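**Student:** Sharing a model that was predicted from the sequence below.
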Amino acid sequence: MNADARPLNRLAHEASPYLQQHADNPVDWYPWGEEALERARREDKPLLVSIGYAACHWCHVMAHESFADPEVAAIQNEHFINIKVDREERPDLDSIYMAAAQALTGRGGWPLNVFCLPDGTPFYAGTYFPPDTKAARYRMPSWRQVLLSIAEAYRTRRADVTASAHELLDHIKRLAQPLPETASVDGALVMAAAEKIGREFDPQYGGFGDAPKFPQPLVLEFLLRAHLRGDVQALPMLHQTLEQMARGGMYDQVGGGFHRYSVDARWLVPHFEKMLYDNALLAEVYHLAALVTGDPFLARIADETFAYMLRDLRHPDGAFFSSEDADSLPVPGAAHAEEGAFYVWTPDELRLALGDDATLVSAYYGVTRQGNFEGKSILYVPRPPAAVAAMLGVPVERIEATVARARPILRAFREQRPRPFRDEKIITAWNAMAIRALATASARVPEYLPAAQQCADFVLTNLRRADGRLLRSWKDGRPGPAGFLDDYALLCDALIELHAASGKPNYLATAVELANAMLDLFWDAPAWMFFDTGSDQPALVTRPRDLSDNAVPSGSAAAAMALLRLYAITGREIYATRAEQVLQQVAPMLSRFPLGFGRMLCAADLAIGPIRELAIIGPPDHPATQALVAEARAAYRPRLVIARAEPGDPVAALSPLFADRGMVDGQPTAYLCEQFTCLLPVTTPEALRAQLNG
């Protein structure tokens, strides 16, 4: 049957673009929900839970090879109740079933295919499985073999399958329990973590470990903090990593922004999907590193990454879409999409786009006839401009001017190609990272502040129910599931930063509301930790909790950071207590596995302190107010928390910093405090600078 004539399955009614990508499969897919679970119980069939996301290359490969095959689909439909899950909408399910896959196979990834008892308890899991025609090449069982073997085992060895499932679930539950040991969080622990990170550093290409190499912006953010604490290796490691990433093929040399990760150690060949969270986190860390080092190259990469987000990932009303695909059609009307097709070049294409400038640009970006990726070239910067100039016998100024002139021409030329698919789902946690990054960088580029505010206002309008409950996602007016811990924690943290940048009181008031709701919905009092799912969300086979940071901050790390910052503004002891309890539970892991706890280490650094509070009182649009704010934010001060209010503003009641304090001589005034004990008020940027640097 032609795919165009095939009837659509249940996924056609879902908002998730990833689920809709499977709507024309002959597989009888269900979205996760009671309907599928009830049918599994009624028919006594195992569940097949297949998890992925819209920008996932291997998800597309398996869908094309297996899920679109009517014969394979017939096997799935006969023996299983089939469920498709968008991991970005349901990180809770992904967390549980990824833990199962890692326990069973020692590795994870997507697509994640998990076989479960009818109640959702997993008993077998894997990632990509090839079709029959490729099984020998991959030295793996084919997907058809896996399906038939699992169906046979479920039918003939049910007791063994059930026992294995319960044993696996017990293991997953143990992973979410608090450690038997705790430790204090102090400067020695933080410096030991930085020293261990240094042992994993690649001195040649930057980054940590070998291929595949991930950008790890959370670890890089921590290195900035370690640098301020006196680690002499932290800043060189950070600078080398940022420079090498930005000169590699993992960075989009034409359009700005970063791809997901590099398959090699030198940042050359990426997995080509572009994710909002990577770009938000990396843009922020490049901006912060530029503040610390004064390097204009790092500032340029930050701004080009923000430009990519604002140009290619932005909803018309200001929020940000989730991702762009790795794959796209090589030419209009092609039968199949190819990985990286939108981004790679041939010498002939450069010549067509640039004319005589192509020779210099090809040399600068490493474009050759043989290519570096399947016969074409990923643009990267293998040598500095001076080396290219020497090689070609031309002035270095000519190289730099030619490349600068060529980039917008190449971007316009590239726009004629079929663009990668864009997942236009809007996710609260990921937009929160964009809000924080834009608000932070607005200290250097004020034009970023309206974009941050527009995004925040969109999220608070469209992804928050009338009763105040946050939602995880939104697409074309359709709300997604209830928000998770990271949605609350990251948005709370972002709004604190946005309040500091804008002076708008509603952002601080909303941050307090979110923090209070977060403690009500997610806190696990016996364990002194947070759950990732709210107490009001439907129960799963276990209630997940992930303490380690991955590509994005864990909800627990983001919560600890937000609560510590909010304590510094409000003085509410419960915020500091809960953050310190989380850090105490996770402290033993911070020095042992620091690469997995970048944002948690940042929270630990904040907890150690000293935290300084800065209260600025004055009309937000007054030039003198803005001058004080600009001075406070002109340097990298990660342990400075800023609160702002106008005289008589009700938001002042949220913070003891404003109690009995006002403007001096009618001028906007700054009060620099530590543990709510303040220095003398100042009204000029110069006086504030002296206090901040004192």
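**Tutor:** Happy to help now that I have it.

**Student:** who's in contact with the spatially closest residue to Thr162 that is not a sequence neighbour?
**Tutor:** Excluding the flanking residues, the one nearest Thr162 by CB to CB, 6 or more residues apart in numbering is Leu117, at 6.6 Å. In short, each C-beta sits where N, CA and C put it, glycine included. Leu117 makes contact with Pro46, Leu47, Phe123, Val161, Thr162, Ala165, according to CB atoms under 8 Å, 6 or more residues apart in numbering.

**Student:** before we move on, what about Val263?
**Tutor:** Val263 touches Ala211, Pro212, Val269, Pro270, His271, counting by CB under 8 Å, 6+ apart.

**Student:** Ala283 now?
**Tutor:** Listed by CB under 8 Å, 6+ apart, the contact set of Ala283 reads Ala302, Thr305, Phe306, Met309, Ala437, Ala441.

**Student:** so Arg266 touches Gln244, yeah?
**Tutor:** Yes. When contacts are counted by CB atoms under 8 Å, Arg266 is listed as touching Gln244 (7.5 Å).

**Student:** what do the two both touch?
**Tutor:** Common neighbours of Arg266 and Gln244 (CB under 8 Å, 6+ apart) are Tyr205.

**Student:** Please, which helix or strand holds Val114?
**Tutor:** If you go by DSSP states H and E, Val114 is part of strand 112-116.

**Student:** ok, back up a step: got a pLDDT number for the residue nearest to Thr162?
**Tutor:** In this model, Leu117 is scored at 98, pLDDT.

**Student:** repeat for Glu65
**Tutor:** You'll see Glu65 listed with a pLDDT of 94.

**Student:** Can you list phi and psi of the closest residue to it other than its chain neighbours for me?
**Tutor:** The shortest distance from Glu65 to any non-neighbouring residue, by CB to CB, 6+ apart, is to Pro131 (4.5 Å). Note on Pro131: its backbone torsions stand at phi -70, psi 170 [degrees, to the nearest 10].

**Student:** so what's Pro131 up against?
**Tutor:** Glu65, Ser66, Asp69, Val72, Ser142, Trp143, Arg144.

**Student:** ok, and the closest non-adjacent residue to the fifth one?
**Tutor:** Read that as Ser142. In space, Ser142 is closest to Ala135, 3.9 Å off (CB to CB, 6+ apart).

**Student:** what helix or strand does that neighbour sit in?
**Tutor:** helix 132-138.

**Student:** Which SSE is immediately downstream of that helix?
**Tutor:** Downstream of helix 132-138, the next assigned helix or strand under DSSP H and E is helix 143-156.

**Student:** How about residues contacting that next one?
**Tutor:** With contact meaning CB under 8 Å, 6+ apart, helix 143-156 is reached by 46, 48, 62, 65-66, 71-72, 75-76, 78-80, 115, 124, 126, 129-132, 135, 141, 160-161.

**Student:** Give me the angle between that helix and strand 112-116.
**Tutor:** Using axes from the mean of the first three to the mean of the last three CA atoms, to 10 degrees, the inter-axis angle of helix 143-156 relative to strand 112-116 is 20 degrees.

**Student:** Can I get the contacts of Pro131 in a markdown table including distance to Val586 and neighbour count?
**Tutor:** Converted to a markdown table, those look like this (distance: CB to CB, whole Å; neighbours: other CB atoms under 10 Å):
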| residue | distance to Val586 | neighbour count |
| --- | --- | --- |
| Glu65 | 41 | 19 |
| Ser66 | 40 | 27 |
| Asp69 | 45 | 20 |
| Val72 | 43 | 21 |
| Ser142 | 41 | 20 |
| Trp143 | 38 | 25 |
| Arg144 | 43 | 19 |
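
**Student:** how about these in a markdown table, adding distance to Met600?
**Tutor:** As requested, these are exported to a markdown table (distance: CB to CB, whole Å):
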| residue | distance to Met600 |
| --- | --- |
| Glu65 | 39 |
| Ser66 | 38 |
| Asp69 | 44 |
| Val72 | 42 |
| Ser142 | 41 |
| Trp143 | 38 |
| Arg144 | 43 |
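
**Student:** where in this structure is pLDDT low?
**Tutor:** For the chain, the stretches with pLDDT under 70 are 1-6.

**Student:** Of all residues in the protein, which one is nearest the centre?
**Tutor:** With distances taken as CA atoms, centre = their mean, the chain has Tyr277 as the residue nearest its mean C-alpha position (3.1 Å).

**Student:** who are the neighbours in contact with that residue?
**Tutor:** Contacts of Tyr277 by CB under 8 Å, 6+ apart are Ala429, Trp430, Met433, Ala551, Val552.

**Student:** Can you classify the fourth one as helix, strand or coil?
**Tutor:** The one in question is Ala551. Secondary structure assignment for Ala551 (DSSP: H, G, I helix; E, B strand; the rest coil): coil.

**Student:** Now for it, how many residues are close by?
**Tutor:** By other CB atoms under 10 Å, the residues close to Ala551 number 15.

**Student:** ok, it touching Glu273?
**Tutor:** No. At 11.5 Å, Ala551 does not count as touching Glu273 under the criterion of CB under 8 Å.

**Student:** Got phi/psi on Ser184?
**Tutor:** When read as degrees, to the nearest 10, the backbone of Ser184 gives phi -80, psi 150.

**Student:** which non-adjacent residue is nearest it?
**Tutor:** That would be Ala587: by CB to CB, 6+ apart, it lies 6.7 Å from Ser184.

**Student:** Please report how far the one you found lies from Pro46.
**Tutor:** To Pro46, Ala587 is 40 Å away according to CB to CB, to the nearest Å.

**Student:** Can you name the residues that contact Leu590?
**Tutor:** By CB under 8 Å, 6+ apart, the contact set of Leu590 is Val185, Leu189, Val190, Ala193, Phe597, Met600, Leu601, Ala604.

**Student:** host element of it?
**Tutor:** Using DSSP H and E, Leu590 falls within helix 573-592.

**Student:** quick one, the first helix or strand past that helix going along the chain and helix 573-592 angle?
**Tutor:** The helix or strand immediately downstream of helix 573-592 is helix 598-608, counting by DSSP H and E. Orientation check (the same axes, to 10 degrees): helix 598-608 against helix 573-592 gives 120 degrees.
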